[in-house]
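*Asks:* Coordinates only, no sequence provided:
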């Protein structure tokens, strides 16, 4: 009898390491509340049996990623080595950091780089002029893609059919009274942004903040990220985003296309 060939899904299931998955899930549960968390809270958040969570925490503690006294647990700075490894190995950050610094200095505003991660965008780099207080979006900060200028710029990589399906499947919860949550309206907006080459979002992600973003394309024209600048609505009018910020962002994104593989 001929031997049955294993499917790719079978091979993936065999290669899956459940213990590692559980440990990573547990790490992601920290930060849900400020300060240390109890074993019970972590087990509940990770949907793990208490005994399993305890073993995972002690393993992470031995690796230096978690500290605790058996009752309360918290992350250690050693966790940042994981983020640092990502940032050091990421070509986008290496290539675009000088661009962000140049754009931020020219506009005298903070600039940011973000990528799509599931239904969110994650900010992975930023530039800040020396005299501007560096508050705002920190590296690693996440926001829903559907209501942010960086998210809409990156979602422009999808054709209309894929974009419609993606938007329909997303959780589209309003963050402000101005947030557009209707899937059809979002599809039209993102398609228009794709055609014009930028996205401007006014108070949809944050109540008093507007921002403008352009997609970052690699050598083959595929969108891989977005760069943006924004400001408080009382300080910078929307037209200034178009007149002053947009040309800088476009020049910055165009300058690195040939370098991104």
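*Replies:* On my side now, so go ahead. All of these numbers come straight from a predicted model, not from anything done at the bench.

*Asks:* May I ask you to confirm that residue 215 is in contact with residue 153?
*Replies:* Yes - contact criterion C-beta atoms under 8 Å: residue 215 and residue 153 qualify, at 4.5 Å. Where C-beta positions appear, they are placed from N, C-alpha and C, glycine not excepted.

*Asks:* Give me the common contacts of the two.
*Replies:* Counting by C-beta atoms under 8 Å, 6 or more residues apart in numbering, the contacts common to residue 215 and residue 153 are 223, 226.

*Asks:* So these two - more neighbours on which side?
*Replies:* residue 153 (33 against 26; other C-beta atoms under 10 Å).

*Asks:* Mind giving me the packing neighbours of the helix or strand the more buried one falls within?
*Replies:* Per DSSP states H and E, residue 153 falls inside helix 149-155. In terms of contacts (3 or more C-beta pairs under 8 Å, 6 or more residues apart in numbering; DSSP states H and E), helix 149-155 is packed against strand 111-117, strand 120-127, strand 142-144, helix 183-196, strand 199-202, strand 209-217, strand 223-232.

*Asks:* Nearest to residue 45, out of these?
*Replies:* strand 142-144 (16.9 Å; C-beta to C-beta).

*Asks:* In that closest one, which residues are buried?
*Replies:* Across strand 142-144, burial judged by 16 or more other C-beta atoms under 10 Å covers 143-144.

*Asks:* Walk me through which strands that strand pairs with, and which way each runs.
*Replies:* Partner strands and pairing direction for strand 142-144 (DSSP bridges) are strand 120-127 (antiparallel).

*Asks:* what about the stretch 51-200 of the chain, any weak spots by pLDDT?
*Replies:* In the predicted model, the stretch 51-200 of the chain carries pLDDT under 70 at residues 130-137.

*Asks:* quick check: angle from the top helix by length along the chain to strand 209-217?
*Replies:* If you go by DSSP state H, the chain has its longest helix at helix 91-107. Interaxial angle, helix 91-107 versus strand 209-217 (axes from the mean of the first three to the mean of the last three C-alpha atoms, to 10 degrees): 130 degrees.

*Asks:* and helix 91-107, what other elements does it pack with?
*Replies:* strand 111-117, strand 120-127, strand 223-232, helix 246-255.

*Asks:* Any chance of JSON lines for these, columns distance to residue 22 and mean neighbour count?
*Replies:* Converted to JSON lines, these look like this (distance: least, C-beta to C-beta, whole Å; neighbours: other C-beta atoms under 10 Å):
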{"stretch": "strand 111-117", "distance to residue 22": "21", "mean neighbour count": "23"}
{"stretch": "strand 120-127", "distance to residue 22": "22", "mean neighbour count": "22"}
{"stretch": "strand 223-232", "distance to residue 22": "31", "mean neighbour count": "23"}
{"stretch": "helix 246-255", "distance to residue 22": "40", "mean neighbour count": "18"}
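
*Asks:* Output these as CSV; include the columns distance to residue 200.
*Replies:* Listed next are these as CSV, based on distance: least, C-beta to C-beta, whole Å:
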stretch, distance to residue 200
strand 111-117, 15
strand 120-127, 16
strand 223-232, 10
helix 246-255, 8
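
*Asks:* coming back round to it: among the helices and strands packed on helix 149-155, which is nearest residue 29?
*Replies:* strand 142-144 (15.0 Å).

*Asks:* roughly how far is the closest one from the heart of the chain?
*Replies:* 6 Å (C-alpha atoms, centre = their mean, to the nearest Å).

*Asks:* got the contact list for that strand?
*Replies:* With C-beta under 8 Å, 6+ apart as the test, strand 142-144 has contacts from 117, 119-123, 150-151, 170-173, 175, 205.

*Asks:* Spell out which residues sit in contact with the closest residue to residue 115 other than its chain neighbours, please.
*Replies:* Among residues not flanking residue 115 along the chain, residue 225 sits closest, at 4.8 Å (C-beta to C-beta, 6 or more residues apart in numbering). Counting by C-beta under 8 Å, 6+ apart, residue 225 touches 92, 96, 113-115, 124, 154, 215-216.

*Asks:* Sweet, I'm off.
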